[in-house]
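Asker: Fold the stuff below for me.
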Amino acid sequence: MTLIEALNAIGELDAEMMQKAQIRLDSLTKPLGSLGRLEEIVKQLAGITGELLPCVKNKKIIIMCADNGVVEEGVSSCPKSVTSSVTQNFLKGFTGVNVLSRHSGADTVVVDVGVDDDIDCEGIFGRKIRKGTWNIAKGPAMTRDEAIKAIETGIEIVGILKEQGVNLLGTGEMGVGNTTTSSAVASVLTGFEIGEMVGRGAGLTQEGLINKAEVIKKAIDINKPDATDPIDVLAKVGGFDIAALTGCFLGAAAYRLPIMIDGFISAAAALAAIKIKPQCKDYILPSHGSAEPGNKRIMEVLGMTPMLMLEMRLGEGSGAALAFHVIDAAVAAYREMGTFGDAQIEQYKPLA
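Answerer: Below is the predicted model:
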(Lines give C-alpha, C1' and ligand atoms only; values in the text may rest on other atoms or scores of the structure.)
Protein backbone atom coordinates (compact mmCIF):
# COMPACT_ATOMS: atom_id res chain seq x y z
CA MET A 1 0.00 0.00 0.00
CA THR A 2 1.41 3.38 -1.00
CA LEU A 3 1.20 6.48 1.17
CA ILE A 4 -1.62 7.90 -0.96
CA GLU A 5 -3.53 4.61 -0.80
CA ALA A 6 -3.14 4.49 2.98
CA LEU A 7 -4.36 8.05 3.41
CA ASN A 8 -7.40 7.32 1.27
CA ALA A 9 -8.14 4.15 3.28
CA ILE A 10 -8.27 5.87 6.67
CA GLY A 11 -11.86 6.33 7.79
CA GLU A 12 -13.92 7.10 10.86
CA LEU A 13 -14.28 4.79 13.84
CA ASP A 14 -17.33 2.51 13.85
CA ALA A 15 -19.73 4.68 15.86
CA GLU A 16 -22.47 2.06 15.94
CA MET A 17 -20.13 -0.55 17.42
CA MET A 18 -18.88 1.94 20.00
CA GLN A 19 -22.47 2.57 21.06
CA LYS A 20 -23.05 -1.16 21.40
CA ALA A 21 -19.87 -1.45 23.46
CA GLN A 22 -21.16 1.31 25.76
CA ILE A 23 -24.43 -0.57 26.24
CA ARG A 24 -22.51 -3.69 27.21
CA LEU A 25 -20.25 -1.72 29.57
CA ASP A 26 -23.30 -0.25 31.28
CA SER A 27 -24.80 -3.73 31.71
CA LEU A 28 -21.80 -5.08 33.62
CA THR A 29 -22.01 -5.59 37.39
CA LYS A 30 -20.43 -2.30 38.41
CA PRO A 31 -21.46 1.32 38.92
CA LEU A 32 -21.79 3.21 35.64
CA GLY A 33 -18.41 4.41 34.39
CA SER A 34 -16.58 2.99 37.39
CA LEU A 35 -13.78 1.43 35.31
CA GLY A 36 -12.81 4.89 34.15
CA ARG A 37 -10.37 4.98 31.27
CA LEU A 38 -10.52 1.21 30.87
CA GLU A 39 -14.02 1.74 29.51
CA GLU A 40 -12.83 4.36 27.06
CA ILE A 41 -10.09 2.02 25.86
CA VAL A 42 -12.59 -0.76 25.18
CA LYS A 43 -14.92 1.57 23.30
CA GLN A 44 -12.02 2.81 21.18
CA LEU A 45 -10.98 -0.76 20.38
CA ALA A 46 -14.56 -1.59 19.36
CA GLY A 47 -14.64 1.46 17.11
CA ILE A 48 -11.29 0.63 15.53
CA THR A 49 -11.96 -3.04 14.86
CA GLY A 50 -15.72 -2.95 14.30
CA GLU A 51 -16.03 -5.85 16.75
CA LEU A 52 -18.22 -5.87 19.86
CA LEU A 53 -15.74 -8.15 21.66
CA PRO A 54 -12.32 -7.08 20.37
CA CYS A 55 -9.36 -9.43 20.82
CA VAL A 56 -5.84 -8.21 21.62
CA LYS A 57 -4.03 -11.50 22.15
CA ASN A 58 -1.70 -11.23 19.13
CA LYS A 59 0.51 -8.29 20.07
CA LYS A 60 3.63 -7.04 18.31
CA ILE A 61 6.03 -4.18 18.95
CA ILE A 62 7.58 -2.75 15.78
CA ILE A 63 11.11 -1.46 16.43
CA MET A 64 12.43 0.83 13.70
CA CYS A 65 16.25 1.05 13.75
CA ALA A 66 18.36 3.70 12.01
CA ASP A 67 21.40 5.89 12.47
CA ASN A 68 21.49 9.68 12.43
CA GLY A 69 24.24 11.79 10.90
CA VAL A 70 23.78 14.47 13.54
CA VAL A 71 25.74 12.37 16.05
CA GLU A 72 28.80 14.03 14.46
CA GLU A 73 27.82 17.10 16.51
CA GLY A 74 28.30 15.39 19.88
CA VAL A 75 24.60 15.29 20.74
CA SER A 76 24.70 11.85 22.35
CA SER A 77 26.68 10.25 25.13
CA CYS A 78 26.66 6.97 23.16
CA PRO A 79 28.89 6.14 20.20
CA LYS A 80 27.11 5.56 16.89
CA SER A 81 28.08 1.87 16.93
CA VAL A 82 25.54 1.28 19.71
CA THR A 83 22.72 1.44 17.16
CA SER A 84 23.97 -1.63 15.31
CA SER A 85 24.83 -3.51 18.50
CA VAL A 86 21.45 -3.01 20.13
CA THR A 87 19.60 -3.71 16.88
CA GLN A 88 21.27 -7.12 16.76
CA ASN A 89 20.76 -7.67 20.49
CA PHE A 90 17.00 -7.39 20.00
CA LEU A 91 17.29 -10.76 18.25
CA LYS A 92 19.09 -12.26 21.27
CA GLY A 93 16.15 -11.52 23.53
CA PHE A 94 17.83 -9.78 26.47
CA THR A 95 17.21 -6.07 25.89
CA GLY A 96 14.77 -4.12 28.03
CA VAL A 97 11.94 -4.30 25.51
CA ASN A 98 12.54 -8.04 25.01
CA VAL A 99 12.02 -8.72 28.71
CA LEU A 100 9.00 -6.44 29.07
CA SER A 101 7.32 -7.62 25.87
CA ARG A 102 7.71 -11.26 26.86
CA HIS A 103 6.14 -10.42 30.22
CA SER A 104 3.14 -8.91 28.41
CA GLY A 105 2.83 -11.79 25.94
CA ALA A 106 4.04 -9.76 22.97
CA ASP A 107 6.67 -10.31 20.30
CA THR A 108 9.09 -7.79 18.78
CA VAL A 109 9.48 -7.04 15.09
CA VAL A 110 12.89 -5.53 14.28
CA VAL A 111 13.30 -3.44 11.14
CA ASP A 112 16.61 -2.09 9.81
CA VAL A 113 15.46 1.03 8.01
CA GLY A 114 18.82 2.82 8.07
CA VAL A 115 21.47 1.36 10.38
CA ASP A 116 25.02 2.38 9.41
CA ASP A 117 26.25 -1.21 9.28
CA ASP A 118 25.90 -4.31 7.16
CA ILE A 119 23.56 -6.35 9.35
CA ASP A 120 22.87 -9.86 8.21
CA CYS A 121 20.80 -11.41 11.00
CA GLU A 122 17.99 -13.83 10.45
CA GLY A 123 14.83 -12.35 11.90
CA ILE A 124 15.49 -8.71 11.03
CA PHE A 125 13.38 -7.06 8.34
CA GLY A 126 15.96 -5.57 5.98
CA ARG A 127 14.46 -2.34 4.67
CA LYS A 128 17.56 -0.13 4.70
CA ILE A 129 16.99 3.09 2.80
CA ARG A 130 20.54 4.28 3.35
CA LYS A 131 23.24 3.84 5.99
CA GLY A 132 22.05 6.63 8.22
CA THR A 133 20.77 10.12 7.50
CA TRP A 134 22.91 13.11 6.70
CA ASN A 135 23.88 15.57 9.44
CA ILE A 136 20.92 17.91 9.94
CA ALA A 137 23.26 20.60 11.30
CA LYS A 138 24.74 20.84 7.80
CA GLY A 139 21.73 20.16 5.57
CA PRO A 140 18.60 18.03 5.23
CA ALA A 141 18.52 14.58 6.82
CA MET A 142 17.20 12.97 3.64
CA THR A 143 15.44 13.70 0.39
CA ARG A 144 11.66 14.00 0.27
CA ASP A 145 11.53 10.77 -1.77
CA GLU A 146 13.50 8.99 0.95
CA ALA A 147 11.13 10.30 3.61
CA ILE A 148 8.15 8.96 1.67
CA LYS A 149 9.96 5.63 1.18
CA ALA A 150 10.52 5.40 4.95
CA ILE A 151 6.86 6.20 5.63
CA GLU A 152 5.78 3.55 3.14
CA THR A 153 8.11 1.07 4.82
CA GLY A 154 6.15 1.54 8.04
CA ILE A 155 2.88 1.07 6.17
CA GLU A 156 4.25 -2.09 4.55
CA ILE A 157 5.34 -3.66 7.85
CA VAL A 158 1.91 -3.00 9.38
CA GLY A 159 0.29 -4.63 6.35
CA ILE A 160 2.45 -7.73 6.75
CA LEU A 161 1.53 -8.01 10.42
CA LYS A 162 -2.16 -7.51 9.64
CA GLU A 163 -1.98 -10.48 7.27
CA GLN A 164 -0.39 -12.52 10.08
CA GLY A 165 -3.39 -11.87 12.32
CA VAL A 166 -1.81 -9.30 14.63
CA ASN A 167 -4.50 -7.30 16.45
CA LEU A 168 -2.54 -4.85 18.63
CA LEU A 169 0.62 -2.92 17.77
CA GLY A 170 3.23 -1.09 19.80
CA THR A 171 5.95 1.19 18.46
CA GLY A 172 9.62 1.34 19.36
CA GLU A 173 12.92 2.52 17.92
CA MET A 174 16.67 2.33 18.16
CA GLY A 175 18.98 4.99 16.83
CA VAL A 176 21.72 6.95 18.58
CA GLY A 177 20.92 10.66 18.24
CA ASN A 178 17.20 10.20 17.69
CA THR A 179 16.09 12.33 20.63
CA THR A 180 17.83 15.18 18.81
CA THR A 181 15.92 14.59 15.58
CA SER A 182 12.69 14.02 17.51
CA SER A 183 13.16 17.31 19.36
CA ALA A 184 13.69 19.10 16.06
CA VAL A 185 10.61 17.53 14.44
CA ALA A 186 8.42 18.12 17.50
CA SER A 187 9.56 21.71 17.98
CA VAL A 188 8.68 22.58 14.39
CA LEU A 189 5.33 20.77 14.37
CA THR A 190 4.15 22.03 17.77
CA GLY A 191 5.60 25.53 17.73
CA PHE A 192 7.12 25.05 21.18
CA GLU A 193 10.56 26.48 21.83
CA ILE A 194 13.51 24.09 21.50
CA GLY A 195 14.30 24.48 25.20
CA GLU A 196 10.90 23.00 26.04
CA MET A 197 11.52 19.98 23.84
CA VAL A 198 15.11 18.96 24.37
CA GLY A 199 16.10 16.48 27.10
CA ARG A 200 19.12 14.50 28.21
CA GLY A 201 18.41 11.48 26.02
CA ALA A 202 20.80 8.70 26.95
CA GLY A 203 22.28 10.75 29.79
CA LEU A 204 23.90 13.97 28.57
CA THR A 205 25.70 16.33 30.94
CA GLN A 206 24.43 19.89 31.33
CA GLU A 207 27.10 21.04 28.89
CA GLY A 208 26.00 18.36 26.45
CA LEU A 209 22.38 19.40 26.82
CA ILE A 210 23.23 23.00 25.93
CA ASN A 211 25.15 21.84 22.87
CA LYS A 212 22.26 19.61 21.82
CA ALA A 213 19.82 22.54 21.93
CA GLU A 214 22.20 24.70 19.92
CA VAL A 215 22.61 21.98 17.28
CA ILE A 216 18.84 21.62 16.94
CA LYS A 217 18.43 25.39 16.55
CA LYS A 218 21.14 25.42 13.92
CA ALA A 219 19.50 22.54 12.04
CA ILE A 220 16.13 24.29 11.97
CA ASP A 221 17.70 27.60 10.92
CA ILE A 222 19.69 26.00 8.10
CA ASN A 223 16.99 23.69 6.74
CA LYS A 224 13.93 25.90 7.29
CA PRO A 225 11.43 23.01 7.47
CA ASP A 226 7.86 23.93 6.52
CA ALA A 227 5.68 23.40 9.60
CA THR A 228 2.61 23.06 7.38
CA ASP A 229 4.18 20.12 5.51
CA PRO A 230 5.02 17.26 7.93
CA ILE A 231 6.83 15.26 5.25
CA ASP A 232 9.10 18.24 4.60
CA VAL A 233 9.81 18.43 8.34
CA LEU A 234 10.64 14.71 8.52
CA ALA A 235 12.89 14.95 5.47
CA LYS A 236 14.80 18.00 6.64
CA VAL A 237 15.29 17.43 10.38
CA GLY A 238 13.95 13.94 11.11
CA GLY A 239 15.31 10.42 10.84
CA PHE A 240 14.51 7.24 8.97
CA ASP A 241 13.23 5.67 12.19
CA ILE A 242 10.81 8.55 12.91
CA ALA A 243 9.55 8.61 9.32
CA ALA A 244 9.05 4.82 9.31
CA LEU A 245 7.14 5.01 12.60
CA THR A 246 5.02 7.75 11.09
CA GLY A 247 4.13 5.20 8.43
CA CYS A 248 3.27 2.65 11.12
CA PHE A 249 0.69 5.00 12.64
CA LEU A 250 -0.81 5.80 9.24
CA GLY A 251 -0.75 2.14 8.25
CA ALA A 252 -2.45 1.05 11.46
CA ALA A 253 -5.29 3.48 10.79
CA ALA A 254 -5.57 2.32 7.19
CA TYR A 255 -5.67 -1.35 8.24
CA ARG A 256 -7.91 -0.60 11.26
CA LEU A 257 -5.48 -1.79 13.91
CA PRO A 258 -5.00 -0.18 17.34
CA ILE A 259 -1.46 1.10 17.78
CA MET A 260 0.36 2.42 20.85
CA ILE A 261 2.78 5.30 21.21
CA ASP A 262 5.83 4.35 23.28
CA GLY A 263 7.80 7.40 24.38
CA PHE A 264 9.18 10.62 22.94
CA ILE A 265 10.48 9.39 19.58
CA SER A 266 7.35 7.48 18.65
CA ALA A 267 5.24 10.38 19.99
CA ALA A 268 7.01 12.68 17.52
CA ALA A 269 6.20 10.18 14.78
CA ALA A 270 2.55 9.99 15.90
CA LEU A 271 2.40 13.79 15.85
CA ALA A 272 3.71 13.82 12.27
CA ALA A 273 1.20 11.15 11.24
CA ILE A 274 -1.70 13.08 12.76
CA LYS A 275 -0.53 16.26 11.04
CA ILE A 276 -0.54 14.34 7.75
CA LYS A 277 -3.95 12.71 8.36
CA PRO A 278 -5.82 13.95 11.46
CA GLN A 279 -8.25 10.99 11.46
CA CYS A 280 -5.45 8.55 12.29
CA LYS A 281 -5.44 9.95 15.86
CA ASP A 282 -8.52 7.84 16.62
CA TYR A 283 -6.50 4.66 16.14
CA ILE A 284 -3.67 5.64 18.50
CA LEU A 285 -3.34 4.97 22.23
CA PRO A 286 -0.64 6.62 24.41
CA SER A 287 1.27 4.27 26.70
CA HIS A 288 3.42 6.15 29.22
CA GLY A 289 4.61 9.63 30.07
CA SER A 290 8.26 9.64 29.06
CA ALA A 291 10.76 11.51 31.23
CA GLU A 292 11.82 13.40 28.10
CA PRO A 293 10.28 16.90 28.41
CA GLY A 294 9.20 16.99 24.77
CA ASN A 295 6.89 14.04 25.28
CA LYS A 296 4.71 16.03 27.68
CA ARG A 297 4.43 18.86 25.16
CA ILE A 298 3.37 16.49 22.39
CA MET A 299 0.75 14.90 24.60
CA GLU A 300 -0.62 18.37 25.38
CA VAL A 301 -0.86 19.25 21.70
CA LEU A 302 -2.52 15.93 20.86
CA GLY A 303 -4.87 16.12 23.84
CA MET A 304 -3.74 12.70 25.06
CA THR A 305 -3.12 11.44 28.59
CA PRO A 306 -0.65 8.56 29.00
CA MET A 307 -1.89 5.43 30.76
CA LEU A 308 1.23 5.14 32.92
CA MET A 309 3.54 7.70 34.56
CA LEU A 310 6.78 5.89 35.39
CA GLU A 311 9.48 8.47 34.50
CA MET A 312 10.98 6.06 31.96
CA ARG A 313 13.17 7.07 29.01
CA LEU A 314 14.47 3.73 27.76
CA GLY A 315 12.72 3.80 24.41
CA GLU A 316 12.77 0.62 22.31
CA GLY A 317 9.00 0.18 22.82
CA SER A 318 9.38 -0.55 26.54
CA GLY A 319 6.51 1.70 27.62
CA ALA A 320 4.18 0.18 25.04
CA ALA A 321 5.06 -3.29 26.34
CA LEU A 322 4.07 -2.26 29.87
CA ALA A 323 0.85 -0.59 28.73
CA PHE A 324 -0.18 -3.79 26.96
CA HIS A 325 -1.04 -5.05 30.46
CA VAL A 326 -3.54 -2.21 30.83
CA ILE A 327 -5.11 -3.03 27.46
CA ASP A 328 -5.33 -6.71 28.41
CA ALA A 329 -6.99 -5.81 31.71
CA ALA A 330 -9.52 -3.52 30.04
CA VAL A 331 -10.51 -6.16 27.49
CA ALA A 332 -10.63 -8.94 30.10
CA ALA A 333 -12.93 -6.95 32.39
CA TYR A 334 -15.18 -6.05 29.47
CA ARG A 335 -15.38 -9.58 28.09
CA GLU A 336 -15.44 -11.60 31.31
CA MET A 337 -17.40 -9.60 33.88
CA GLY A 338 -20.95 -10.75 34.43
CA THR A 339 -23.96 -8.61 33.58
CA PHE A 340 -26.68 -7.60 36.02
CA GLY A 341 -28.84 -10.23 34.38
CA ASP A 342 -26.21 -12.90 35.00
CA ALA A 343 -25.89 -11.87 38.66
CA GLN A 344 -29.64 -11.47 39.18
CA ILE A 345 -29.17 -8.14 40.93
CA GLU A 346 -30.74 -4.78 40.28
CA GLN A 347 -28.73 -2.53 38.00
CA TYR A 348 -27.01 0.51 39.54
CA LYS A 349 -28.79 3.68 38.59
CA PRO A 350 -27.49 7.23 38.93
CA LEU A 351 -29.16 9.37 41.58
CA ALA A 352 -31.74 11.84 40.31
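
Asker: Run the chain-centre distance for stretch 30-41.
Answerer: 25 Å (CA atoms, centre = their mean, to the nearest Å).

Asker: Could you do stretch 284-293 as well?
Answerer: 9 Å.

Asker: what do you get for stretch 231-240?
Answerer: The answer for stretch 231-240 is 16 Å, by CA atoms, centre = their mean.

Asker: Repeat that for stretch 329-337.
Answerer: On CA atoms, centre = their mean, the centre of stretch 329-337 falls 24 Å from the chain's centre.

Asker: Residue ranges in this structure under the pLDDT threshold?
Answerer: Counting by pLDDT under 70, the ranges of the chain that qualify are 202, 343-352.

Asker: Now do the helices in it.
Answerer: Using DSSP state H, the helices found in the chain span residues 3-9, 15-27, 37-49, 81-89, 96-103, 144-163, 178-190, 206-223, 230-237, 240-254, 264-276, 293-302, 318-336, 340-343.

Asker: pretty sure Cys280 is touching Ala272, no?
Answerer: No - shown here, Cys280 and Ala272 do not form a contact pair, counting by CB atoms under 8 Å, at 10.4 Å. (Each C-beta comes from the backbone N, C-alpha and C, glycine too.)

Asker: Would you map out the domains in the protein?
Answerer: Domain assignment for the chain by automatic domain parsing gives 3-53+334-343, 59-329.

Asker: Mind putting the ones you listed into TSV with mean neighbour count?
Answerer: Compiled in TSV, those are given as follows (neighbours: other CB atoms under 10 Å):
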stretch	mean neighbour count
domain 3-53+334-343	16
domain 59-329	22
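
Asker: how much space is there between the spatially closest residue to Asp226 that is not a sequence neighbour and Leu25?
Answerer: Leaving out its chain neighbours, the residue that sits closest to Asp226 by CB to CB, 6 or more residues apart in numbering is Asp232, at 4.5 Å. Look at Asp232 and Leu25: by CB to CB, to the nearest Å, they are 43 Å apart.

Asker: cool, and Thr181?
Answerer: 41 Å.

Asker: for Glu173, same thing?
Answerer: 34 Å.

Asker: Next: Gly263.
Answerer: 30 Å.

Asker: cool, and Gln206?
Answerer: Using CB to CB, Gln206 is found at 49 Å from Leu25.

Asker: tell me the contacts of Ile242?
Answerer: With contact set as CB atoms under 8 Å, 6 or more residues apart in numbering, Ile242 has these partners: 64, 173, 178, 181-182, 185, 234, 265, 268-269, 272.

Asker: Ignore what I typed, I meant Gly203.
Answerer: Neighbouring residues of Gly203 by CB under 8 Å, 6+ apart: Ser77.

Asker: got it, and Met307?
Answerer: 37, 285-288, 323, 326.

Asker: okay but Gly69 is in contact with Ala141, surely?
Answerer: Yes - between Gly69 and Ala141 there is a contact under CB under 8 Å: 7.1 Å.

Asker: what bridges to the residue most central in space within the chain?
Answerer: For the chain, the residue nearest the mean C-alpha position is Ile261 (3.1 Å; CA atoms, centre = their mean). Judged by DSSP bridges, the bridge partners of Ile261 are Pro286.

Asker: That one reaches Leu169, doesn't it?
Answerer: No - checked against CB under 8 Å, the pair Ile261 and Leu169 is beyond contact range at 10.6 Å.

Asker: still on that earlier bit, quick one: which of the contacts of Ile242 is nearest to Gly338?
Answerer: Closest approach to Gly338 among the contacts of Ile242 (CB to CB): Ala269, at 40.5 Å.

Asker: list the contacts for the closest residue to the closest one other than its chain neighbours?
Answerer: Counting by CB to CB, 6+ apart, Leu245 is the residue found nearest to Ala269 once chain neighbours are left out, at 3.5 Å. Leu245 sits next to 62, 64, 154, 171, 173, 265-266, 269-270 when contact means CB under 8 Å, 6+ apart.

Asker: Against Asp342, how distant is Leu245?
Answerer: 43 Å.

Asker: related to what we said a few turns ago, quick check: neighbours shared by Gly69 and Ala141?
Answerer: In contact with both Gly69 and Ala141: 133-134, using CB under 8 Å, 6+ apart.

Asker: Would you enumerate the residues in contact with the closest residue in space to Ser290 that isn't next to it in sequence?
Answerer: Distance criterion CB to CB, 6+ apart; nearest residue to Ser290, sequence neighbours excluded, is Gly263 at 3.7 Å. By CB under 8 Å, 6+ apart, the contact list for Gly263 reads 287-288, 290, 292, 295, 312-315, 318-319.

Asker: Closest one of those to Phe192?
Answerer: The closest of the contacts of Gly263, once distances to Phe192 are taken by CB to CB, is Asn295, at 11.8 Å.

Asker: Okay, that closest one and His288: tell me how far apart.
Answerer: For Asn295, the distance to His288 equals 9 Å [CB to CB].

Asker: How about Ile157?
Answerer: 23 Å.

Asker: Same question for Gly154.
Answerer: 21 Å.

Asker: Equivalent analysis for Asp226, please.
Answerer: Distance, Asp226 to His288, using CB to CB: 31 Å.

Asker: Equivalent analysis for Thr83, please.
Answerer: Separation of Thr83 from His288 (CB to CB): 23 Å.
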